[in-house]
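Q: Show me how the following folds:
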Amino acid sequence: MNENQASHTQERQLRESEAVSEEPRPRPQASQPAQKTAAHAAHAHSRPDPQETRTPRETRTPREDQAADGLPDCPVEVALGFISSRWRILIIRDLLKGACRFSELQRSVRGISQKMLTSNLRAMADCGLVTRTAYAEVPPRVEYALTELGMSLSPVFAALESWGEEYKERVASQACGATEGK
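A: Residues are numbered from 1 along each chain as shown. Prediction:
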């Protein structure tokens, strides 16, 4: 046995002997609150404990800026509720061109995972923006399309596209001006 093998054998035996002789350490229970440091205690008076101030959802009253139907009074906030994520905006952008299959959407919306695309399509179908049509074919084919409500967002996306084009032109002209000055 060479020196390297001997040292590995000794290390293994040492670890095994420590594992046998070492008593298991008690784990802290999850229900025990963490110990607060002096810094935490000094600031405890400035904020209420979130666990003590929360009320169950079913007992909450609508916010002052919400109507009785639960929708915000602000129309912009209502619209943003439908297109609140960057993924939904990109999915709607593609569906404004026409019905798409899942794989087409996944290729077009770069960076989105299958799970995220699925959850966004389901949420959009639940709120009435998208319809899901499954065809009884082999292999099965599923297409997603915008509903009338979803299509009503077309002018919003046209305005976003126009603003994006203007901004890109502004940045390009500033970049040209910066390189000309050098």
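
Q: Under the pLDDT cut-off, which ranges of this structure? List them.
A: For the chain, residues meeting the criterion pLDDT under 70 lie at 1-68, 178-182.

Q: how about the strands in it?
A: 100-101, 130-135, 141-146 (DSSP state E).

Q: Tell me which other helices or strands the shortest one touches.
A: Translated: strand 100-101. Using 3 or more C-beta pairs under 8 Å, 6 or more residues apart in numbering; DSSP states H and E as the contact test, the elements touching strand 100-101 are strand 141-146. The C-beta positions use only the backbone N, C-alpha and C, and glycine is treated the same way.

Q: Name every strand pairing with the strand it packs on and say which way it goes.
A: As defined by DSSP bridges, the strand partners of strand 141-146 come to strand 100-101 (antiparallel), strand 130-135 (antiparallel).

Q: Can you tell me which of those strands is packed in deepest?
A: Mean neighbours per residue, mean count of other C-beta atoms under 10 Å, is largest over the strands paired with strand 141-146 for strand 100-101, with a mean of 16.

Q: Show me what that strand is in contact with.
A: 94, 108, 141, 142, 143, 144, 145 (C-beta atoms under 8 Å, 6 or more residues apart in numbering).

Q: Excluding covalently adjacent residues, which one is nearest to the last one?
A: For residue 145, the nearest residue in space outside its immediate sequence neighbours is residue 99; the separation is 3.9 Å by C-beta to C-beta, 6 or more residues apart in numbering.

Q: follow-up on the earlier one: which of the strands paired with strand 141-146 sits closest to residue 88?
A: For those, proximity to residue 88 was assessed by C-beta to C-beta; strand 130-135 is nearest, at 9.6 Å.

Q: circling back to that earlier point, wait, the residue nearest to residue 145 sits on residue 147?
A: No: between residue 99 and residue 147 no contact is recorded; they are 11.4 Å apart, counting by C-beta atoms under 8 Å.

Q: and residue 90, what does it touch?
A: Applying C-beta under 8 Å, 6+ apart, one finds that residue 90 lies in contact with 108, 109, 112.

Q: Which of the residues you listed has the largest number of neighbours?
A: Each of the contacts of residue 90 was scored by neighbour count (other C-beta atoms under 10 Å); the top score is that of residue 109, with 20 neighbours.

Q: where's the nearest residue to that one once chain neighbours are set aside relative to residue 72, distance?
A: Taking C-beta to C-beta, 6+ apart as the measure, residue 109 lies nearest to residue 90, with 4.6 Å between them; neighbours along the chain are not counted. The gap separating residue 90 from residue 72 is 24 Å, by C-beta to C-beta, to the nearest Å.
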